[in-house]
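In: Whatever this is, show me its structure:
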Amino acid sequence: MERMMNIIKPKPNPQQLLRDWQRRLRQECRNIERQVRDIQREEKNVQKAIKEAAKRNDMASAKSLAKELVRSRKTVNRLYENRAQLNSISMHLGESIAIARTVGHLSKSAEVMKLVNNLMKAPEVAVTMQQFSNEMTRAGIIEEMVNDAVDNALDSEDIEEETEEEIEKVLTAIASETAAQLPEAVRQQKLKQPAASEAVEEDVDDEEELEEIRARLDRVRS
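Out: Below is the predicted model of the structure:
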């Protein structure tokens, strides 16, 4: 029965197929924009946590969080690249619509094939682009592709270098604030001497907060 329904059901014409792909590409671009906003919102919390850790002279936590911040920024840059390539695919499909209207069928596009293949290696959109690849292959607009292994490796040297730069920025900002607030800091110094037990409790709370921040970043990056 299902096979009979598939035979009876009319196939979409080339223009309809291309427009449907364009609509789904626009939706994917909106998803990327939403993910970028979520990551950038969490980055503000991380920047604040780095600053607070540096003020406590907890440089291990500050450096760990700075690495997370660097990874998040790399993720955002990659998402922007993905969005640009999705827009480029949509543009090429628009050109294909005009050609299909003239010749009555879909023509292969080397540019679309190249862009789809690139995006199949991007973790954030790999599943979606695999679906597009299958549909476009069946429709004859691209040839069947063998997807290379996704490389998630980040350049560790770049991360270390950017982490140190981020820490340096925070320390410079703290030094500027300290210089501006020095008279008030001296006046309040005697009032800011917590007992040893309070300091231990604060360290425990800080560690729990850092773990929560890392977890939130991981969620929005995935």
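In: Off-centre distance for the host helix or strand of Y80?
Out: Element membership of Y80, judged by DSSP states H and E, is helix 59-103. Relative to its chain's centre, helix 59-103 lies at 8 Å (C-alpha atoms, centre = their mean, to the nearest Å).
In: and the next element down the chain from it?
Out: As assigned by DSSP H and E, the chain's next helix or strand after helix 59-103 is helix 110-119.
In: now what about the helix or strand that comes right after that next one, what contacts it?
Out: Going down the chain from helix 110-119, the next helix or strand is helix 126-139, by DSSP H and E. For helix 126-139, contacts defined as C-beta atoms under 8 Å, 6 or more residues apart in numbering pick out 14, 17, 21, 24, 28, 106, 112, 116-117, 119-120, 122, 142-145, 147, 150. Where C-beta positions appear, they are placed from N, C-alpha and C, glycine not excepted.
In: Point to the helix or strand of the protein where mean pLDDT is at its lowest.
Out: helix 2-8 (a mean of 48; mean pLDDT, DSSP states H and E).
In: give the contact list for R216.
Out: R216 neighbours (C-beta under 8 Å, 6+ apart): E42, N45.
In: Please read the previous query as pertaining to N31.
Out: Applying C-beta under 8 Å, 6+ apart, we find N31 in contact with no residue.
In: any idea which element it lies in?
Out: Using DSSP H and E, N31 falls in helix 14-55.
In: For that helix, give the mean pLDDT please.
Out: Averaged across helix 14-55, pLDDT comes to 90.
In: Around R26, how many other residues sit close by?
Out: 13 (other C-beta atoms under 10 Å).
In: Might one say that it is in contact with L93?
Out: No. Contact between R26 and L93 fails when scored by C-beta atoms under 8 Å: they sit 11.1 Å apart.
In: what's the overlap in contacts for those two?
Out: Contact with both R26 and L93 is made by no residue, according to C-beta under 8 Å, 6+ apart.
In: re earlier: mind checking which of the contacts of helix 126-139 are buried?
Out: Buried members of the contacts of helix 126-139, scored by 16 or more other C-beta atoms under 10 Å, are 14, 17, 21, 24, 28, 106, 112, 116-117, 119-120, 122, 142, 145.
In: remind me which residues of this protein are low pLDDT?
Out: 1-12, 104-105, 145-157, 177-207, 209-210, 214, 217, 220-222 (pLDDT under 70).
In: change it to 50
Out: Along the chain, segments meeting pLDDT under 50 span 1-2, 4-8, 149-154, 186-187, 190-191, 193, 195-201, 204.
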